[in-house]
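Engineer: Got a sequence here, can you model it:
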Amino acid sequence: MAWGFVRGQKYNRRQDIHARFGGQQQGGIITPANHNVIFIMTGKRGAEYGYDDIHYDDGRIDYFGEGQVGEMQMVRGNLALAEHVANGKDLLWFEKAYPERSITYMGQYICAGWRRGQSKDRDDAKRSAIIFELHPIENVVEAAETIELPIGNMDELRRRAFEAASLSGVRGQSMRTIYQRSADVRAYVLARANGDCEGCSQPAPFMRRDGSPYLEPHHLRRASDGGPDHPRFVIALCPNCHTRTHHGEDGAIYNAALLKRMPQIEP
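Structural biologist: Residues are numbered from 1 along each chain as shown. Below you'll find the model as predicted:
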């Protein structure tokens, strides 16, 4: 479950999204101003307007950006989608059904990068399109955790982590790149903690099989963890503090307190 939505469940777009989060009433990319989430709407009728989304067996989606006439521009919703990782925004995918106009929540995704391609616009004219490469977040998390964490001194780890954060929205990024970016941020944050929870300041409760202290990176700006983010918004927590942020009665308050503390942890 993400942001209260259950995968496979049908919702009413206006009542279940706009009434709760606000955001644009029209268009396929909804970017609520006061929430760290982006909603993507797609459906079979999109092909009529040049949105020829391609779904792959591994869950990956080639998603055509917004803009019904002329060349697609990297502005507004397209820019927000390209930079959603660096901006700490979750990306939720919904399929529209016709004619009842309900929407079904399909899951949470991460944008690995984008490229230029060709499509036809609403007037059937050929145009340059923006194609986003989207992957299910669970695939990203699972793959990133299998990558051996980079080693080096703190200055080198920090440089790599900040570089990973700056790559969001860059044209031509690949999925392998986003796996490595996630590993770079994770390696630095865990090294920065130096074996102590950055929430409660207690030592890690046990050691991993490789002998390193067991702490878990937590994304302070997002409702879920996974994928790269800026090191100033990722904190290393013990399992108890991490669970508290996501499931505790005071989870939101605790998360806000950790976010307020981050300038001292990562100046």
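
Engineer: next one: phi and psi at the residue nearest to Lys10 when sequence neighbours are not counted?
Structural biologist: Closest residue to Lys10 apart from its sequence neighbours, by CB to CB, 6 or more residues apart in numbering: Ser102 at 4.7 Å. The way it works is simple: take the backbone N, C-alpha and C, and place the C-beta from them, glycine included. When quoted as degrees, to the nearest 10, the phi and psi of Ser102 stand at phi -80, psi 170.

Engineer: just Tyr109 next, same as before
Structural biologist: phi -130, psi 170.

Engineer: same question, Arg115
Structural biologist: According to degrees, to the nearest 10, Arg115 has phi -150, psi 170.

Engineer: ditto for Gly22
Structural biologist: The phi/psi pair for Gly22 (degrees, to the nearest 10) is phi 80, psi -150.

Engineer: count of neighbours near it?
Structural biologist: By other CB atoms under 10 Å, the residues close to Gly22 number 14.

Engineer: can you check Ala125 too?
Structural biologist: 10.

Engineer: gap between it and Val69?
Structural biologist: Noted for Ala125: a distance of 8 Å to Val69, by CB to CB, to the nearest Å.

Engineer: Tell me where the chain has helices.
Structural biologist: Using DSSP state H, the helices of the chain run over 13, 19-21, 76-82, 137-146, 154-166, 175-193, 239-247, 251-265.

Engineer: Setting aside sequence neighbours, what's the nearest residue to His55?
Structural biologist: Ile61 (5.5 Å).

Engineer: Revised request: answer the last question for Cys241.
Structural biologist: In space, Cys241 is closest to Gly199, 3.7 Å off (CB to CB, 6+ apart).

Engineer: residues in contact with that neighbour?
Structural biologist: 235, 237-238, 241-242, 254, 258 (CB atoms under 8 Å, 6 or more residues apart in numbering).

Engineer: quick one: which of the residues you listed has the most company?
Structural biologist: Result: Ile235 is most packed of these (other CB under 10 Å), 28 neighbours.

Engineer: Tell me where the model's unsure across the stretch 151-267 of the chain.
Structural biologist: Along the stretch 151-267 of the chain, segments meeting pLDDT under 70 span 167-176.

Engineer: hang on, isn't the residue nearest to His55 packed against Asp52?
Structural biologist: No - using CB atoms under 8 Å, Ile61 is not in contact with Asp52; the gap is 11.5 Å.
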